[in-house]
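In: sequence plus predicted model, see below.
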Amino acid sequence: MESEQQPILRFNHVSKTFAAKDKSAAGHTVLSDLSITLYPGMVVGLLGQNGAGKSTLMRCALGIIDIDQGDILTLGETPAALSIQAKERIGYVPQQPFGYEGFTIDKALELHRSFYPNWDMTLEKDWLERFDLDVTQAVQKLSVGQRQSLALIMAMAYRPSLLLLDEPVASLDPIARRKFMSDLFDLALDSGSAVLFSSHITSDLERVASHVALIKKGQLVLFKEIDALREEVKLLSINDGTTLPSSYKILSQSGLNMLVDTQGDSTVITGVQSAKAVNLEQLFMELHR
Ligand SMILES: Nc1ncnc2c1ncn2[C@@H]1O[C@H](COP(=O)(O)OP(=O)(O)OP(=O)(O)O)[C@@H](O)[C@H]1O
C-alpha cells in the first residue's frame, strides 16, 4: 500500500556532523546514515535519549540545518529551497515556541492565519475551547503549557500535510495531553497528513503513534509499526551456542540475553529458553543499558 503513495517526507541516508569550536578537533556527528520515509496517514513517534538527534532531524527536514550527506525530500522538495506552496502545507512546533510577544491571542491568531489560505476557523475555535485559552490574554503572560497549546493551534489549524512536532506535549497537563494526542491521530487520518513527533512519554507514543522510530546517537535503531512491535521485538534468553536466524536483527546484547527484532520471522529456534514481548519503555531501557 505504502509504495503506491507519494511520500510526504523522505530522509535518505542522511548524515550531519556539527563542526567543533576548535577547528582542528573532530566534529560531532549527530545524524548518521539515517533513512526514514513518511507516507500520508502515518503518525511517527520519534524516541531517543536527550541529544540523540531528534530536533536536529526535524530542523534538517525544514531546511533550518543543512545536511552533509544523503538527501531529504520534504513534500517532494529539497528543504533548502522549499517553495511557499510547500511551506503553507507544513506545520512545525519547536521545543520552545516563540514569537507573537506583545500580541493578545486573538491578534496573534489573526496575523498568523493571514499566512495560511487553508486556515480552518472551526478547528481553531474548537481547539481554543479544548485548551481553555482566553483569546483576550496577552501571549507573553501565558504559562508554558498555554504557550505550547497556542503553538499547536497555530501549527495545525490549516491542516498541514506534514506536521513536525518537537516534544509537543511536554508542558501540557494530562487531560490536555490526552485530548490533544487522540485528536492528533484523527486529524492526520482525516487530512491524509503525516506527523513526526518526538516525545519522552512512551505511553503517549504507544497510544497515538502508528509507527515508532527509535534513534540512538544519531542512528536509526528501529523503525516499525507499533502493532508489529509487540509481535516482532523480543527479549530472548538463549543457551550458549544457539544460532539465530540471519533475518533477526540484534538490537542489544548482554551475555546470553539479547533484544532482537525478528523482522516477522517466526521460525522456532532450539536453544531459546524464553522470548518475551516488550513494551516501548522496556525496549528503550534495554537499548540504553
Ligand atoms: N547548531 C548546533 N551546533 C552544534 N551542535 C548542535 C547544534 N544543534 C544541536 N547540536 C548537538 O546535537 C546533538 C543532538 O541535539 P538535538 O537537539 O537534535 O537532540 P534531541 O534528541 O532533540 O535531544 P532532546 O531530547 O534533549 O531534545 C546534541 O549533542 C546537541 O548539542
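Out: Yes, it's here.
In: after the helix or strand in which residue 260 is found, next one along is what?
Out: According to DSSP states H and E, residue 260 maps onto strand 257-261. As assigned by DSSP H and E, the chain's next helix or strand after strand 257-261 is strand 272-277.
In: so what touches that next one?
Out: 230-231, 233-239, 242 (Cβ atoms under 8 Å, 6 or more residues apart in numbering). Placement of C-beta: from N, CA and C, glycine included.
In: 6 Å instead, please
Out: Here strand 272-277 makes contact (Cβ atoms under 6 Å, 6 or more residues apart in numbering) with 230, 234-238.
In: swap in stretch 162-177?
Out: Applying Cβ under 6 Å, 6+ apart, the contact partners of stretch 162-177 are 8-9, 55, 58, 90-95, 144-145, 148, 152, 180, 193-199.
In: swap in stretch 190-207?
Out: 8, 38, 40, 42-46, 54, 159, 161-168, 181, 188, 280-281.
In: can you tell me the SS state at the most centrally placed residue in the chain?
Out: Nearest to the mean C-alpha position of the chain, by Cα atoms, centre = their mean, lies residue 197 at 2.8 Å. Three-state assignment for residue 197 (DSSP: H, G, I helix; E, B strand; the rest coil): strand.
In: if we can go back for a sec, need the buried ones from the contacts of stretch 190-207 selected in ChimeraX.
Out: Buried subset of these, written as a ChimeraX selection, criterion 16 or more other Cβ atoms under 10 Å:
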select :8,38,40,42,43,44,45,46,54,159,161,162,163,164,165,166,167,168,181,188,280
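In: residue 20 and the ligand: what is the separation?
Out: 9 Å (Cβ to the nearest ligand atom, to the nearest Å).
In: circling back: buried subset of the contacts of strand 272-277?
Out: Buried among the contacts of strand 272-277 (16+ other Cβ under 10 Å): 234-236, 238.
In: element containing residue 11, please.
Out: Per DSSP H and E: strand 9-18 holds residue 11.
In: for that strand, name the packing helices and strands.
Out: If you count contacts as 3 or more Cβ pairs under 6 Å, 6 or more residues apart in numbering; DSSP states H and E, strand 9-18 packs onto strand 28-38, strand 69-74.
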